[in-house]
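> Kindly generate the corresponding structure for this input.
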Amino acid sequence: MKVIYRASSVLSSNPNPLGRNKDVILETCFESFLKAKTNDMEIIFTVDRLSEKHRKMFGKYGKLVDTKTGMQNNRNMAFKIAMEEPNEDKILFVEDDYLWVPKCLSKLDQVLNKCKLFSPYDHPAHYLEDRFKYQGKKMFMHENCTYRQAPSNTFTFACRASVLKQNRSLFMETWGDHETFVGLGELGYEMYVPVPSWATHLVTGLLAPNIDWPI
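Here you go, the predicted structure:
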C-alpha cells in the first residue's frame, strides 16, 4: 500500500490540544504514525515550506515532493500522485495533525476489500450534531472489528486509485472535505470508520471518543 503524507509548516486555525507550536505537532504526529504503519508501506510526502530539520526527518522514510504554497495545492498534488497509480492500488492519505493507535494499519489492506472509502477517524460530530446523528448508518464486522458508515470525514482517508480517477472533479475542484465526501456518497461511494477509532484529528473538543489519547 502507498501512503501519501501531507506535511506543512503552516499552523491550522483549529484549536489544537498539543498547543500552537507546529514543530511539536509535526514531530508528535509523525512519531505516532510510524508506530501505526506497517513495514511494507511506501510513503511519499507532499511538503509545503518545511524547515530543513523536518525535511530530513521525513526524508528518512520516503520521497519528498515539494508543492506550491497553500493547503489546496498540497492536497491536490497528493491526489495527482495517487491518480498516476494503477486502478486497483490502495492509497492512504494522511494529514500531519493526527495521532494514531499503534499497529492499527495492519488491518487496512483487508478493510479496503470490504468498502470503497475508509477513514481511520471516528468523528464525534457524527454522534453529537443533529444533522448527522439521526441518519441511518450501516455497520459490518470484519476479523472481530466493527466498522460504521460515516456521512463524511477529513482528508485523512483511504481508497483505491480508481475511486479518485473516476471522480476527479470532486477531488480536485471541490475544496471542502465534507462536500467532497457527501458528493461521493450521492454517487454510491459509502465511507466507513472503525469503532473504536484508529486515529484522531487533533482539534480541541473533537478527539475521537473512547480512546485515552496521549496528550
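> remind me, longest helix of the protein?
helix 22-36 (DSSP state H).
> Run through the neighbouring helices and strands of the helix or strand following it.
Downstream of helix 22-36, the first helix or strand assigned by DSSP states H and E is strand 42-48. If you count contacts as 3 or more C-beta pairs under 8 Å, 6 or more residues apart in numbering; DSSP states H and E, strand 42-48 packs onto strand 2-8, helix 52-59, strand 62-66, helix 71-83. To be clear about C-beta, it is placed using only N, CA and C from the backbone, and glycine gets the same treatment.
> would you put the C-alpha positions of the third one in CSV?
Okay, so that is strand 62-66. Taking Å, rounded to 0.1, in the frame of the first residue of the first chain, the C-alpha atoms of strand 62-66 are listed here in CSV:
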residue,chain,number,x,y,z
GLY,A,62,10.3,8.3,1.8
LYS,A,63,10.4,10.6,-1.2
LEU,A,64,9.7,14.3,-0.7
VAL,A,65,7.6,16.2,-3.3
ASP,A,66,7.6,20.0,-2.9
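> What strands line up against it, and which way round?
Here strand 62-66 has these sheet partners by DSSP bridges: strand 42-48 (parallel).
> Equivalent analysis for the first one, please.
Partners of strand 2-8 in the sheet, by DSSP bridges, are strand 42-48 (parallel), strand 90-95 (parallel).
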